[in-house]
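Undergrad: model the following, please.
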Amino acid sequence: MKIVIYGANELACLIATRLFEDHDIIIIDDDPNNNRESFDKLDLEYVQGSGSNISVLESVGIKNADIFIACTYNDEANIVACLTVINMTKLKTVCFVSKKENVDSLSLVRGSKYQKELMIDYVLWPEELMTQEIFRIITVPNAIDVEDFANGKARLLEYRVEDGTKFINKKIKDCNFPDETLIVGITRDNTLFIPNGDTELLLNDKVIFMGSSYSLDILANRFFQETNDVKQVTIIGGGSVGQMLASNLEKANMKIKIIELDYKRCEELTEGLKNTLVINGDGANFELLEEERVGESDVVVCVTDNDEKNLLCSLLAKQLQVPKVITRVSKNANANLFEKVGIDVAISVNGAAIDDIENHLIKTDIEILATVERGQGEVLEICVPHNFKNDMIMNLNLPCKAIIAIIQRRNRIIIPRGTTQIMPFDNLIIFTTQDNSDTVKNFFKR
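TA: Numbers count the residues shown, from 1 in each chain. Take a look at the predicted model:
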């Protein structure tokens, strides 16, 4: 594919890094030196100019492109650029926005009452996607990642191996995990790999389980002591993410506190939230955290727009013995650093948005249901072709490491074993590493 990206910021660099090996990438930016060193390391074209300038768009061959992505930090510039491209060609357009009012306005354009021919194909608000991810993690205590499949009948849960974990230093085959539960991946020293039965589970490993929702509930209670639901959550930072998250948690009947430094914003939060205690103060003030009994929270979420402040607030929360701390990361490179110093979950504000682009616009032949560990692992859904010969999984001879974790056969969910047969028209949910993703897809196309 030919992909044109308007905006040479960190987000554009992350998108380009993910896609440049398999696609032709052109970066457009008004500043010829903006992040130039980062882009020079990639095999792509860098053009100076505005993404809404017709001459610039013509010079990069916009009519021959497949996708246009506007991701500057200026919502209005992104919207105008996308509408200009729509006027010139029929390629798919992606518009990043940072304000809820712009999301609402662009949604109106799609509505029946105000429908127009000029429509942006895909509007992405990264803060909303990140809020949804944080909500999923909060609602499953102790898990650091959660994904649902097959209308909630199957799941992916990721846990960290800590001191006292019942299966620490044991081989997988000796752990006696519940039936219909599979370990599909382990991240060790920031590298994801697919284990086998002889793999030992070590301290600080991040272990990815897949299976039926029922079996993973048993796993959680047996091995991770999830007998109590999350009841109290403290949110540090009352911006759009903090407000959306509090609103969602209110619906789950949780006790919520928001700590926000700006008094005027506190007034807005009080008006918009029904059952949330809004506290005007600095979340980096240890005395305030003690006074407000933040240490009694089951989860603390730090979502200010400053990575350094989020890190400080998170470390203070850990000092107060909060069981789980979730932290927003604006700079993708900080995510691993945050987890190394003891933060339970560090979530990139742009990670979910990039996954959305790749899943829904780039790789449309076979659906990517989820990515994990910042793109190192992929969960694929593949429909077995009608001419595929029935065979047991153990006889498939997959050309690379991958695990068929779930089979959807009509209305049934099957967590397979080696002797389970694969049949034509089965929907397979497969876990593999990003490096082996294309090999797995090609194997089932044969």
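Undergrad: right, and residue 307 touches residue 334 too?
TA: Yes: Residue 307 is within contact range of residue 334, at 5.3 Å (criterion: CB atoms under 8 Å). From N, CA and C alone the C-beta is placed, and that goes for glycine too.
Undergrad: okay, the two: which has more neighbours?
TA: It is residue 307, of residue 307 and residue 334, that has more neighbours when counted by other CB atoms under 10 Å, with 21 against 17.
Undergrad: dihedrals phi and psi, the more buried one?
TA: Dihedral pair for residue 307: phi -60, psi -40, per degrees, to the nearest 10.
Undergrad: next one: the residue nearest to residue 98 when sequence neighbours are not counted from residue 31, what distance?
TA: The shortest distance from residue 98 to any non-neighbouring residue, by CB to CB, 6 or more residues apart in numbering, is to residue 75 (5.8 Å). In this view, residue 75 and residue 31 are 18 Å apart by CB to CB, to the nearest Å.
Undergrad: which residue of the two possesses the greater neighbour count?
TA: Each of residue 75 and residue 31 has its neighbours counted (other CB under 10 Å); residue 75 has more, 20 against 9.
Undergrad: list the contacts of the residue lying closest to residue 230 once chain neighbours are set aside.
TA: Among residues not flanking residue 230 along the chain, residue 298 sits closest, at 4.4 Å (CB to CB, 6+ apart). Residues counted as contacts of residue 298 (CB atoms under 8 Å, 6 or more residues apart in numbering) are 141, 228, 230, 231, 232, 233, 322, 323, 324.
Undergrad: residues in contact with residue 329?
TA: 307, 310, 335, 338, 346, 347, 348, 349.
Undergrad: at 7 Å instead, please
TA: Listed by CB atoms under 7 Å, 6 or more residues apart in numbering, the contact partners of residue 329 are 307, 335, 338, 346, 347, 348, 349.
Undergrad: and the pLDDT for it?
TA: What the model reports for residue 329 is a pLDDT of 92.
Undergrad: and residue 305, how many residues sit next to it?
TA: Neighbours of residue 305 under the rule other CB under 10 Å: 14.
Undergrad: checking it next. Helix, strand or coil?
TA: Following DSSP: H, G, I helix; E, B strand; the rest coil, we place residue 305 in the coil state.
Undergrad: next one: the closest residue in space to it that isn't next to it in sequence from residue 258, what distance?
TA: The spatially closest residue to residue 305, leaving aside those adjacent along the chain, is residue 239, at 6.2 Å (CB to CB, 6+ apart). Separation of residue 239 from residue 258 (CB to CB) stands at 10 Å.
Undergrad: between those two, who's got more neighbours?
TA: Legend: neighbour count by other CB under 10 Å for residue 239 and residue 258, higher for residue 258 (27 against 17).
Undergrad: what stretches of the protein score poorly on pLDDT?
TA: 107-118, 225-228, 359-360, 362-366, 446 (pLDDT under 70).
Undergrad: gap between the residue sitting furthest away from the middle of it and residue 241?
TA: Ranked by distance from the centre of the chain (CA atoms, centre = their mean), the top residue is residue 55, with 36.1 Å. With distances taken as CB to CB, residue 55 is found 38 Å from residue 241.
Undergrad: and what of residue 42?
TA: Look at residue 42 and residue 241: by CB to CB, they are 30 Å apart.
Undergrad: same deal with residue 84?
TA: Taken as CB to CB, the span from residue 84 to residue 241 is 30 Å.
Undergrad: got it, and residue 102?
TA: Applying CB to CB, the value for residue 102 to residue 241 is 16 Å.
Undergrad: count of neighbours near residue 405?
TA: 24.
Undergrad: I'd guess it is in a strand, am I close?
TA: Yes: counting by three-state DSSP, residue 405 is found in a strand.
Undergrad: flag every buried residue along stretch 367-385.
TA: Within stretch 367-385, the residues that qualify as buried are 368-382, 384, counting by 16 or more other CB atoms under 10 Å.
Undergrad: and those, which two are furthest apart?
TA: Farthest pair in the buried residues of stretch 367-385 (CB to CB) is 374 and 384. Separation: 29.6 Å.
Undergrad: wait, residue 92 touches residue 67, no?
TA: Yes: Residue 92 is in contact with residue 67 according to CB atoms under 7 Å; the separation is 4.9 Å.
Undergrad: who's in contact with residue 197?
TA: Here residue 197 is in contact with 171, 172, 173 (CB under 7 Å, 6+ apart).
Undergrad: just checking, the second one touches residue 205?
TA: Spelled out, that is residue 172. No: the criterion here is CB under 7 Å, and residue 172 misses it with residue 205 at 11.0 Å.
Undergrad: tell me how many other residues surround the nearest residue to residue 29 once chain neighbours are set aside.
TA: Once flanking residues are discounted, residue 29 sits nearest to residue 8: 3.6 Å by CB to CB, 6+ apart. By the measure other CB under 10 Å, the count of residues near residue 8 is 26.
Undergrad: element containing residue 8?
TA: Per DSSP states H and E: residue 8 is located in neither a helix nor a strand.
Undergrad: how much space separates it from residue 345?
TA: Remark: distance between residue 8 and residue 345 (CB to CB) = 30 Å.
Undergrad: cool, and residue 440?
TA: Computed as CB to CB, the residue 440 to residue 345 distance reads 28 Å.
Undergrad: which ones are touching the most centrally placed residue in the chain?
TA: For the chain, the residue nearest the mean C-alpha position is residue 352 (3.5 Å; CA atoms, centre = their mean). Residue 352 makes contact with 126, 129, 130, 133 under the criterion CB under 7 Å, 6+ apart.
Undergrad: change it to 6 Å
TA: 129, 130, 133 (CB atoms under 6 Å, 6 or more residues apart in numbering).
Undergrad: ok, how many other residues are close to the second one?
TA: Which is residue 130. 23.
Undergrad: assign it to helix, strand or coil.
TA: What three-state DSSP gives for residue 130 is helix.
Undergrad: the closest residue in space to it that isn't next to it in sequence - how many residues pack around it?
TA: Nearest residue to residue 130, sequence neighbours excluded (CB to CB, 6+ apart): residue 349, at 5.3 Å. If you count neighbours by other CB under 10 Å, residue 349 ends up with 21.
Undergrad: any idea how far residue 49 is from residue 349?
TA: Taking CB to CB as the measure, residue 349 falls 27 Å from residue 49.
Undergrad: equivalent analysis for residue 235, please.
TA: As judged by CB to CB, residue 235 and residue 49 stand 41 Å apart.
Undergrad: tell me which of these two has more neighbours.
TA: Neighbours were counted for residue 235 and for residue 49 using other CB under 10 Å; residue 235 has more, 29 against 16.
Undergrad: can you list contacts of the helix or strand containing the more buried one?
TA: Using DSSP H and E, residue 235 falls within strand 232-236. With CB under 6 Å, 6+ apart as the test, strand 232-236 has contacts from 242, 246, 249, 254-259, 283, 294, 297-302, 313.
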